[in-house]
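>>> below is the sequence, then the predicted model.
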Amino acid sequence: MSKSTGVDSRPVSVSDVSTPRAELFARVLDPASRANPYPIYAALRSEPVSRQSDGTWVVSGFDEIAALLHDPRISSDLRNAGQPAGGQSLIMQDPPNHDRLRAAVMGRFTPEVVESLRQGVHDLVAGLLDAAGPGTRLDLVEEIAYPLPVSVICKLLGIPPQDEARFHGWADTLARTLDLDPTMSREEQDAIDHAFTELHHYLENLVADRAEHRGDDLVSGLLTGGDHGEPLRGEELLITVRLLLIAGHETTVNLITNGMLTLLRHPDILERFRHEPDLVVPMVEELVRYEPSVQFRYRAALADIEIAGTTIPRGSVVVLLLAAGSRDPGHFTDPDRFVPDRLPNEHFGFGGGIHYCIGAPLARMEAQIVLPELVRRLVNPRLTMDPPPYRPTAALRGPRHLWVEVDGVRP
Amino acid sequence: MSGHPGNRGEHVVGEHVVIVGASLTGLHAAEALRGGGFAGRVTLVGAEPHPPYDRPSLSKRVLAGRMSADSTGLPQRQDLDAHWRLGNAAVALDRDTKTLTLDDGTALGFDKLLIATGTRARRWPDTAEAALTGVLSIRTRDDALELQARLAARPRRVLVIGAGFVGSEVASVCRELDLDVTVVERSAAPLAGALGQWAGAAAGRLQRGHGVDLRTETSVLALEGDADGRLRRVRLSDGDVLDVDVAVVALGAVRNVEWLAGSGLAIDARGVQCDPFCRAVDTDGRPCDDILVAGDVACWPHPLYEGLLAVEHWDNAVRQARVAATTILHGAVRAHTALPTFWSNQFGVNIKVVGVPGRADQVAVLQGSVERAAFVAAYGRGGRIIGALAVNTPRALDAYAEMISSRMSFPPDLNAADAPDPIRVLDLAVPAAG
């Protein structure tokens, strides 16, 4: 119980003021910064729109990010900044094509659909925790956080249970494609290509099957279309389903893992949460602000953009450093403190503007179910390694493992 | 007026703030006063008997019968601790003695007065015709309740006089209820006053596409009733005579300023004039520290627009109320420079507007497509962007607000991914400023 404020106990190589501002984002990308990038973000925020030496523009202030998330001069199609095509999914597209695809998904991914998954999530969490007992050492990533979201997405898509294991493998590999990572090795690239091909074939067969036998799953729904969405077909449907799998997976893994890590670093709040279960709703919101799964997104400037006293030139790569905006002291009181009932809490944890996370309601629901169950069932959980080892990706940030010791697992 | 943020409370304890007008503006001003630590007395005077309620839903969901008028009440802070004088209109103001007179003869002294009496619906000018049963306006809860009941009784045809936002929303509800509706508009297009002829023409196509009998450049010559004083027919300038049971008079609003006659404040058809800090200006042009104005009844100089601006929208009422409260608490430290913004839902379309498109001399669609009914149009005047209209693309408007505030040139070079090719800039008839 010695660590009551985990933030300060983490290794910080930060304010190494010797790093020139134009090199700060390179340090964000450096895996060595993964455990605690926030001091680098704070240094970046002193110039909320900052040109980096490689020519990218990093935006780290709340107001500036909010403005650009809504700006028609900002594109999600990075070909507009001379980058290779990032795939044809809707998160990499602009209006009007983006709007059409998004409407198709929104028309089928309704609050009722999310709600219909609730009992399934409860059952999955209970099953995973039952399987985790009775040992005294658990990896919350491998045993709980990782399997849960894939199983939920499989239910949403109507994947037969016997095929779920294959989805876990593909999701694992493809999560890396959300990062723009020039250091990726040849083997990793091959593995991704292979996973893409396999998943593609699987989904082709799935779609062909649903075209014949419509069910109440999302794939059938997308084939049928809805009030405001036209039916999706062929390649567009495959790409959209693949996006739901990839975007909905690791982000939720990280939300759950970051959530438990944060609670274990704040024993006082963990204790309060045991007695105040209603805290879970604002607390999950605060987790999404404080330790967001998605730290930043890349964009392209379609025209010269004057902002914060500078001009981002047309054709530039723009980094919207969402996690830095969500800790901007100009917008949040005491932004580096985890305040479980923070209000108001208007953060960028789910992005913003036309690309605002479609899966936010599902992610919230999963976290709101799994966190109280973990807190209720794990007896005296302790972190065995703090900080834990992290996955290398900077844009999608979360622990690779989260080992805890427990005195038991309650039934 | 003295004081600054450091020692507020000392000089205001025991002061009496009277707010005339117990609607959105009055309520938000009272809340902002309490939120800012004001410990003195607060009195809210309201001509209507109802506690503050929300008006935008009246011409939409309440009228359609999808929401009860009872549920339009605005939420209130627990600790407002205000004295309410509801059902009492103010009838006179004496600035020398700092006294307000109410319609029951009560004299109410104040240290600070906030004028937030808003507007009322402009009545049908012929009083005999206006008195016919079935001739209605829609401004208050009671208006909405009566009209909702009349629409629920399925009239043969509804006549809407005036195709501004309220008239168009009423027509939309009528079509939603599958009622025949005729809209009569003197100008060439609906919504043209606020959005210009170009957008008005598009709105006209939308209305006709939804089965509205829209008659532009047409006037009502006479409303005719039966022996029992019930509306039966309307005689139009295009020669037609239509059988109608309900006529909704939607000819805009009139400022509630008559009670201020003789007060020495600067008042005209645009409302009560104030400075950017909401201080009422007297006829000599001097701002009064103790008399403030906010909401629909106010007009004031805005740094981005020529002349005086008068804004009859929800968002402005709330923001201006907060500025007025700040001035009461701390003096002239925070100017009201927010951009006007408003929204409307009609005929299945979401309309959002920022700035003042009605004053533009040019317009251009910069994103989306009018044919697909999802677009953003920017409005310019003198080569600067001064307004924007978003149809079914509400999230786009924040960016345009920023362009307007930073006085970007028009048309702005956005190179947006969903821009029409080519972008066509249309000239609009130049309206008068102010």
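Sure thing, it's come through. Keep in mind that this is a model prediction, so the values were computed, not measured.

>>> quick one: the helices in the stretch 151-300 of chain B?
Along the stretch 151-300 of chain B, the segments classed as helices by DSSP state H, counting those that start in this stretch run B:165-176, B:192-209.

>>> what's the most buried one of the ones you listed?
By mean neighbour count, with neighbours taken as mean count of other Cβ atoms under 10 Å in any protein chain shown, helix B:165-176 ranks first of the helices of the stretch 151-300 of chain B at a mean of 24. The C-beta positions use only the backbone N, C-alpha and C, and glycine is treated the same way.

>>> right, and residue B:109 touches residue B:101 too?
No. Between residue B:109 and residue B:101 there is no contact, the gap being 10.8 Å when judged by Cβ atoms under 8 Å.

>>> looking at the helices of the stretch 151-300 of chain B, spot the one closest to chain A.
For chain A, the closest of those is helix B:165-176, at 15.7 Å, according to Cβ to the nearest Cβ.

>>> what average pLDDT does that closest one get?
For helix B:165-176, the mean pLDDT works out to 97.

>>> ok and it relative to helix B:192-209, angle-wise?
Orientation of helix B:165-176 against helix B:192-209 (axes from the mean of the first three to the mean of the last three Cα atoms, to 10 degrees) gives an angle of 10 degrees.

>>> who touches the residue of the stretch 1-150 of chain B found nearest chain A in this structure?
Nearest residue of the stretch 1-150 of chain B to chain A: residue B:35, at 13.9 Å (Cβ to the nearest Cβ). Applying Cβ atoms under 8 Å, 6 or more residues apart in numbering or on different chains to residue B:35 gives the contacts residue B:77.

>>> which residues of the stretch 251-400 of chain A fall in strands?
A:297-301, A:305-307, A:310-312, A:317-320, A:378-379, A:382-383 (DSSP state E, counting those that start in this stretch).

>>> and the last one, what's its mean pLDDT?
Meaning strand A:382-383. 96.

>>> just how off-centre is that strand within its chain?
24 Å (Cα atoms, centre = their mean, to the nearest Å).

>>> sheet partners, orientation included, of that strand?
If you go by DSSP bridges, strand A:382-383 pairs up with strand A:403-405 (antiparallel).

>>> can you name the element that comes right after the partner strand?
strand A:408-409 (DSSP states H and E).

>>> quick one: contacts of that next one?
Contacts of strand A:408-409 (Cβ under 8 Å, 6+ apart): A:129, A:132, A:133, A:134, A:136, A:377, A:378, A:379.

>>> okay, now residue B:145: neighbour count?
Using other Cβ atoms under 10 Å in any protein chain shown, residue B:145 has 16 other residues around it.

>>> actually residue B:341, sorry about that
Neighbours of residue B:341 using other Cβ under 10 Å come to 20.

>>> okay, and the beta partners of it?
residue B:354.

>>> please tell me how far it sits from residue A:33.
For residue B:341, the distance to residue A:33 (Cβ to Cβ, to the nearest Å) stands at 41 Å.

>>> then residue B:125?
Applying Cβ to Cβ to residue B:125 and residue A:33 gives a distance of 72 Å.

>>> who has more neighbours out of these two?
residue A:33 (21 against 9).

>>> go ahead and confirm that one touches residue A:40.
Yes. With contacts counted by Cβ under 8 Å, residue A:33 reaches residue A:40, the gap being 6.1 Å.
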